[in-house]
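Student: Any chance you can model this:
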Amino acid sequence: MGAVSDVAELASFYAESPAGVRVNMIFSADGAAVFGGRAGPLSGQTDQQLLKILRGFADVVLVGAATARAENYGPVQLSDAQQAERNRGGRSKPPPVAVISRSGVLPTRLVSDPSQPPLLVTCAESAVWHNRNSDQRCGVLVAGEETVDVARAVALLRAHGLTRILCEGGPTLLDELVDADVVVEVCVTLAPKLAASQPAGHRRRPSRLPLPATLRLQHALAYDDYLFLKYRR
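Tutor: The predicted model follows:
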């Protein structure tokens, strides 16, 4: 356990972005993942800055449709310094947002910039509906027939060269990714807030894992009363 003096120092502990799925989540001190249906009320300025920093290290930002709607997602916006760093690495644009959606419908704000189209990750049935009925401009990845297979979704993203996947939730998508055993790193922000019982996500079936997956603690850093944890497989 240690303390950091500013956000720049905090960011340095996350610069080594792993290949595969890196999850970034926030929880209150009493374990709530959301308040009033959103993670935003649990967050603070430092946590919001860290979220933007992690996006700069990613090839793609993966999010569930319910979270994208609740948090009013738009295209990723990076600072000039972040974009300059990406340019040096041969990546000319910010990472796209990939939304896992069984309905095939994306939030309006997410398709507002034609220069930064999102990716719709859906099942075959919804992809057919989207292609016939929607005028939303986006890339479409089909991962499953009637429901979205998240393991297949991750494999498709990686096959398209999007190997560093930053998942921003929500809890239901995190649950499915863990169940599929594709998570390699978990970044947890523990907020100095109490939220009481807040329903978030739901499990449709028992976990397929024979035992809880073991993680290794990479760091525990305190700043501005928030605790920043990073675990890796």
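
Student: Output the lowest-mean-pLDDT helix or strand in the chain as PDB - backbone C-alpha positions only.
Tutor: Taking mean pLDDT, DSSP states H and E as the measure, the chain has helix 124-133 as its least confident helix or strand, at a mean of 80. In PDB, the C-alpha atoms belonging to helix 124-133 read as follows (Å, rounded to 0.1, in the frame of the first residue of the first chain):
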ATOM      1  CA  ALA A 124     -26.900 -12.600 -35.700                       C
ATOM      2  CA  GLU A 125     -30.700 -11.900 -35.300                       C
ATOM      3  CA  SER A 126     -30.100  -8.300 -34.200                       C
ATOM      4  CA  ALA A 127     -27.500  -7.700 -36.800                       C
ATOM      5  CA  VAL A 128     -30.000  -8.600 -39.500                       C
ATOM      6  CA  TRP A 129     -32.500  -6.200 -37.900                       C
ATOM      7  CA  HIS A 130     -29.900  -3.400 -37.600                       C
ATOM      8  CA  ASN A 131     -28.800  -3.800 -41.300                       C
ATOM      9  CA  ARG A 132     -32.500  -3.600 -42.500                       C
ATOM     10  CA  ASN A 133     -33.900  -0.900 -40.200                       C
END
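
Student: what about the strands in the protein?
Tutor: Along the chain, the stretches classed as strands by DSSP state E are 2-3, 20-28, 60-64, 97-100, 119-122, 139-142, 164-167, 183-191, 216-223, 226-232.

Student: Tell me how far the nearest residue to Arg152 once chain neighbours are set aside lies from Leu10.
Tutor: In this structure, Arg152 finds its nearest non-sequential neighbour in Ala143, 4.0 Å apart by CB to CB, 6 or more residues apart in numbering. C-betas here are computed from N, CA, C, even on glycine. Remark: distance between Ala143 and Leu10 (CB to CB, to the nearest Å) = 34 Å.
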